[in-house]
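1. below: sequence and its predicted model.
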Amino acid sequence: MRIRFFCPGCQRPARADAGQGLEWQCPACAHAVTFRRADADGTPLCPLCGNHELYRKKDFPHWLGLTILTLACLAFLAFKAVYRQWTAWAILIGSAVVDGVLYWAVGDVAVCYRCHAHVREFPRVANLPPHDLGLAERYRQERLRREQLSAEQRPPG
Ligand SMILES: [Zn+2]
Ligand SMILES: [Zn+2]
């Protein structure tokens, strides 16, 4: 499994190989993590925080799809302006096909509701449910409460 995450110590983005028992240390803040793959009973879990609730998402960056679409629209308008109708349409339709093929060809990635780690090659990723707004909201509340708590415990100043 490969994992993309934010360092729990300093929130810097990081990538690592998240095999069972593998260790990772943050180059910036020296925070250390030991990854886990699964529970004692074999249930796959988030390698970073050990959470059971993850969702499935296409491993396709949203900005890439939008960029292709935007460029295609600009090219479409440019060719249409110089009366190259067929070229214009070919570009527009071609880009839609490229977008579709890319989307279909990329694999699924598992995302942890709690720590937002993105895990590739997650076991049985196809069985994971898609993103659920209610669950995400529950985790957001949980995080807010945790942040509030740690803010209260911190000594003033
Ligand atoms: Zn760090
Ligand atoms: Zn997690």
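-> On my side now, so go ahead. Ligands and ions are numbered 1, 2, ... in the order given.

2. CA only for contacts and neighbour counts going forward, please
-> OK.

3. need the residues of this protein near ligand 2, please.
-> Within the chain, the positions near ligand 2 by CA under 5 Å from the ion are C46, C49, C112, C115.

4. which one of those residues is nearest F6?
-> C115 (7.8 Å; CA to CA).

5. so the closest one makes contact with C49?
-> Yes - C115 is in contact with C49 according to CA atoms under 8 Å; the separation is 6.8 Å.

6. shared neighbours of those two, which are they?
-> Common contacts of C115 and C49, defined by CA atoms under 8 Å, 6 or more residues apart in numbering, are absent altogether.

7. let's see the pLDDT reported for the residue positioned nearest the centre of the chain.
-> Note on the chain: the residue nearest the mean C-alpha position is H118, at 4.4 Å, using CA atoms, centre = their mean. pLDDT for H118: 95.

8. for it, grab phi and psi.
-> Note on H118: its backbone torsions stand at phi -100, psi 120 [degrees, to the nearest 10].

9. tell me what it is bridged to.
-> Note on H118: beta-bridge partners by DSSP bridges are R4, V111.

10. wait, it touches P13, no?
-> No - counting by CA under 8 Å, H118 does not reach P13; the two are 11.1 Å apart.

11. confirm that Y83 sits in a helix.
-> No - under DSSP: H, G, I helix; E, B strand; the rest coil, Y83 sits outside any helix and is assigned coil.

12. where's it relative to T70, distance?
-> According to CA to CA, to the nearest Å, Y83 and T70 sit 20 Å apart.
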